[in-house]
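J.: quick check, what structure comes out for this input:
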Amino acid sequence: MTEWTGAWITGFLLHVPHSFLKMQLSRNLSRSVGTAVSMSVGLSLFVGVQTWGYSMLVPFSPDTSTPGTLVSFLHTEFKSADVPELMARPSLRNSRMYPIYVDEPDIAPAQMKSPGFSGMRNRSIVLAGIPVAEMAGGSHPLFNPVFVSGNPQEAYAMLESTRSLLIPDTFARTVGLKVGDDLMLVNPSSRELRSGNEPSAGIRGRGRGAAVRGEPWKVAGIVSFPGWHWLTKTSGMRVRRGGFVAALAIADERWLKEEYAHQGFQFIWGILLRGSAMWNFRTTWGNTP
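T.: Below is the predicted model of the structure:
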């Protein structure tokens with residue numbers, strides 16, 4: 001019945017006598033079935049690839065909860081006293097940009113052997129020190145991630161008062177860390193003090209005693225931090241190894257200055273003035289030594 005009805009309709013639409021189309025499906029059943037199966041498999045694979053690709057892309061795409069502009073100066077270094085001059089540049093004037101201090105400490109070997117950590121290939125994290133009061137405070141904070149665990153006000157107060165950090169929820173689920181737990185990090189400056197973020201050869205913190213055991217950093221909060229992979233990879237924030245890292249953790253800038261002996265910075269993070277062109281921005285910084 002379907003074939004007979006379809007022949008009339010198809011013949012009318014194609015201006016072909018319907019008698020030519022009678023019994024075409026039933027006479028070529030193997031071809032009809034093969035065509036239907038091939039189309040079903042092809043469309044299923046297409047939909048599967050599209051869905052899979054989109055779901056994989058989401059964790060690597062930054063959202064509006066973090067500042068949209070990160071500028072790195074990989075061949076120079078600025079001091080805190082240079083900030084007013086930097087912010088006076090035409091492309092940065094009236095924009096909300098702040099210096100951040102970045103390092104890449106190793107997770108302590110003892111903690112790497114514990115359940116959750118033992119299955120990870122990456123033994124270092126990117127630790128970014130931001131001015132918490134300026135970037136996370138006020139009615140329009142630049143840094144405003146969604147807290148999966150922990151209270152934002154308590155977490156930000158803890159970042160400023162104690163050696164603590166925020167970690168991504170993906171990392172917390174992998175290693176089993178909760179708010180209040182300690183993440184043991186090997187101090188990169190434990191064997192050699194250095195200024196700023198200039199990468200140096202070798203792996204720091206491989207000496208004896210406390211350096212190898214690591215120093216406790218309290219988990220102040222667990223946040224949703226989509227895009228941290230892209231952010232650390234493309235900007236040069238992986239300042240020591242340059243390869244894969246386990247997470248991007250956020251701390252207050254005070255602790256990287258005091259604990260990790262950072263005297264200068266090579267990154268500024270924030271938002272540019274609305275309407276400023278990237279071409280003008282690059283032109284302004286083109287002659288920076």
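J.: can you map out the strands along the stretch 151-289 of the chain?
T.: Counting by DSSP state E, counting those that start in this stretch, the stretch 151-289 of the chain has strands at residues 164-168, 182-186, 215-224, 248-252, 267-271.
J.: for residue 122, which of these is the nearest?
T.: strand 248-252 (11.7 Å; Cβ to Cβ). All C-beta atoms are positioned from the backbone trio N, CA, C, and that covers glycine.
J.: quick one: buried residues of the closest one?
T.: Neighbour-count burial for strand 248-252, counted by 16 or more other Cβ atoms under 10 Å, picks out 248-252.
J.: sorry, back to before: in a markdown table, list the strands of the stretch 151-289 of the chain along with mean pLDDT and distance to residue 136.
T.: Output for the strands of the stretch 151-289 of the chain, formatted as a markdown table (pLDDT from 0 to 100; distance: least, Cβ to Cβ, whole Å):
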| stretch | mean pLDDT | distance to residue 136 |
| --- | --- | --- |
| strand 164-168 | 95 | 10 |
| strand 182-186 | 94 | 20 |
| strand 215-224 | 94 | 11 |
| strand 248-252 | 95 | 9 |
| strand 267-271 | 88 | 12 |
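J.: nearest to residue 110, of those?
T.: Evaluated over the strands of the stretch 151-289 of the chain, closeness to residue 110 peaks at strand 182-186, with 7.0 Å, by Cβ to Cβ.
J.: pull the residues that contact that closest one.
T.: 105-108, 110-111, 125, 127, 165, 167, 177, 204-206, 211-219, 249 (Cβ atoms under 8 Å, 6 or more residues apart in numbering).
J.: if we use 6 Å, what do you get?
T.: 105-106, 108, 111, 205, 214-217 (Cβ atoms under 6 Å, 6 or more residues apart in numbering).
J.: repeat for stretch 133-143
T.: 67, 96, 98, 156, 270.
J.: pull the CA atoms of it into CSV?
T.: Output of stretch 133-143 as CSV, limited to C-alpha atoms (Å, rounded to 0.1, in the frame of the first residue of the first chain):
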residue,chain,number,x,y,z
ALA,A,133,40.7,42.1,46.6
GLU,A,134,40.8,43.9,43.3
MET,A,135,39.8,41.2,40.8
ALA,A,136,37.3,39.3,42.9
GLY,A,137,35.8,42.1,45.0
GLY,A,138,33.3,44.9,44.3
SER,A,139,30.0,44.8,42.5
HIS,A,140,31.4,43.9,39.2
PRO,A,141,34.3,41.4,39.8
LEU,A,142,36.5,40.4,37.0
PHE,A,143,37.2,37.0,38.5
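J.: coming back round to it: quick check, nearest of the contacts of stretch 133-143 to residue 13?
T.: residue 67 (57.2 Å).
J.: can I assume the closest one sits in a strand?
T.: No: with DSSP: H, G, I helix; E, B strand; the rest coil as the criterion, residue 67 is located in coil rather than a strand.
J.: residues contacting it?
T.: Applying Cβ under 6 Å, 6+ apart, the residues near residue 67 are 142, 269-271.
J.: among those residues, which ones are buried?
T.: 142, 269-270.
J.: thought residue 130 was touching residue 101?
T.: No: counting by Cβ atoms under 6 Å, no contact exists between residue 130 and residue 101, whose distance comes to 8.2 Å.
J.: tell me, what's touching the two both at once?
T.: residue 253.
J.: tell me where the protein has helices.
T.: 2-14, 24-27, 29-57, 83-87, 109-112, 132-136, 152-161, 169-175, 210-213, 228-235, 253-258, 278-285 (DSSP state H).
J.: now render those helices as TSV, adding mean neighbour count, mean pLDDT and distance to residue 244.
T.: Shown next, in TSV, are the helices of the chain (neighbours: other Cβ atoms under 10 Å; pLDDT from 0 to 100; distance: least, Cβ to Cβ, whole Å):
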stretch	mean neighbour count	mean pLDDT	distance to residue 244
helix 2-14	12	69	57
helix 24-27	12	61	55
helix 29-57	10	83	16
helix 83-87	13	84	31
helix 109-112	17	90	14
helix 132-136	19	91	27
helix 152-161	18	94	26
helix 169-175	18	92	13
helix 210-213	15	60	22
helix 228-235	18	84	9
helix 253-258	19	91	22
helix 278-285	13	49	29
